[in-house]
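Novice: compute the structure for the input listed below.
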Amino acid sequence: MTWRTAPHQPDGEATTAAYPAGPRTPRGAARRAATATVFLLAAVLTGCGGTTDAAGGSTPAGDLDENCRATRSDAGLEVTLTVAPCPPTGGGAAGTAGIAVKDADGKAVPGAKVEINPEMPNMKMKGGNQTARPEGDGYEAKLVLGMAGDWRITVTVTPASGEASTTAFNLTAKD
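Specialist: All right, here's what the predicted structure looks like:
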């Protein structure tokens, strides 16, 4: 008999209360860990795909259109995010985020402080703020998506004069 199957301890006490709770065997713990890993992998994989169009090509999922562009409005500003490469890729390869900012009259907003913050809400991963630099009539920042899957890109624009604007864009990065 082993200590787990022995009905009594040497002093005659019952064994059920004397042994700590937890996995009964290392093999059982390994099985539970493997099962949890399989379920986690399945959850990640089901949320990572884009869609396939009628021609069989892949189109970006989330808020982006077929040109990897999306527009949102907040606090009187219109913010357009354009992601390259299209479709966006995960795995740590550096891409770019182009940000166009227009006022209520449709004019470009120069001299604003523009920051992007990529995060993966399902995995509770944050990419850290990146400050965009002026580029033409808009702004550009490096965009690094650590892995394939669903991402939220939060863009914060603080004009030289006026109220700050925060908009969020959802996208799905491919492998």
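Novice: who touches Pro118 in this structure?
Specialist: Lys126, Gly127, Gln130, Leu143, Val144, Leu145, Trp151, Arg152, Ile153, Thr154 (C-beta atoms under 8 Å, 6 or more residues apart in numbering). The C-beta positions use only the backbone N, C-alpha and C, and glycine is treated the same way.
Novice: now with 10 Å, please.
Specialist: Applying C-beta atoms under 10 Å, 6 or more residues apart in numbering, we find Pro118 in contact with 88, 97, 125-130, 141, 143-146, 151-154, 169, 171, 173.
Novice: measure the closest residue in space to Val79 that isn't next to it in sequence to Val155 for me?
Specialist: The shortest distance from Val79 to any non-neighbouring residue, by C-beta to C-beta, 6 or more residues apart in numbering, is to Thr167 (4.8 Å). Plainly put, Thr167 is 5 Å away from Val155 if you go by C-beta to C-beta, to the nearest Å.
Novice: again with Arg133
Specialist: 14 Å.
Novice: now do Ser165
Specialist: Distance from Ser165 to Val155, by C-beta to C-beta: 8 Å.
Novice: which neighbours do these two have in common?
Specialist: With C-beta under 10 Å, 6+ apart, Ser165 and Val155 have common neighbours Arg72, Asp74, Val79, Val101, Val114.
Novice: what's the neighbour count on the closest residue to Ala84 other than its chain neighbours?
Specialist: Counting by C-beta to C-beta, 6+ apart, Thr96 is the residue found nearest to Ala84 once chain neighbours are left out, at 4.9 Å. For Thr96, the neighbour count with other C-beta atoms under 10 Å is 14.
Novice: what mean pLDDT does the strand or helix carrying Thr96 have?
Specialist: Using DSSP states H and E, Thr96 maps to strand 94-102. Over the span of strand 94-102, the pLDDT mean works out to 95.
Novice: which parts of the chain are strands?
Specialist: 51-52, 58-59, 69-74, 77-84, 94-102, 113-120, 125-126, 130-131, 133-135, 138-144, 149-158, 165-173 (DSSP state E).
Novice: circling back: quick check: buried residues in the strand holding Thr96?
Specialist: If you call a residue buried by 16 or more other C-beta atoms under 10 Å, then strand 94-102 has these buried ones: Gly95, Ala97, Gly98, Ile99, Ala100, Val101, Lys102.
Novice: quick revisit: so what sits opposite the residue nearest to Ala84 in the bridge?
Specialist: Ala84, Lys142 (DSSP bridges).
Novice: that one against Lys142, yeah?
Specialist: Yes. Assessed by C-beta atoms under 10 Å, Thr96 is found in contact with Lys142 at 6.5 Å.
Novice: identify the contacts common to those two.
Specialist: Each of Ala132 lies in contact with both Thr96 and Lys142 under the rule C-beta under 10 Å, 6+ apart.
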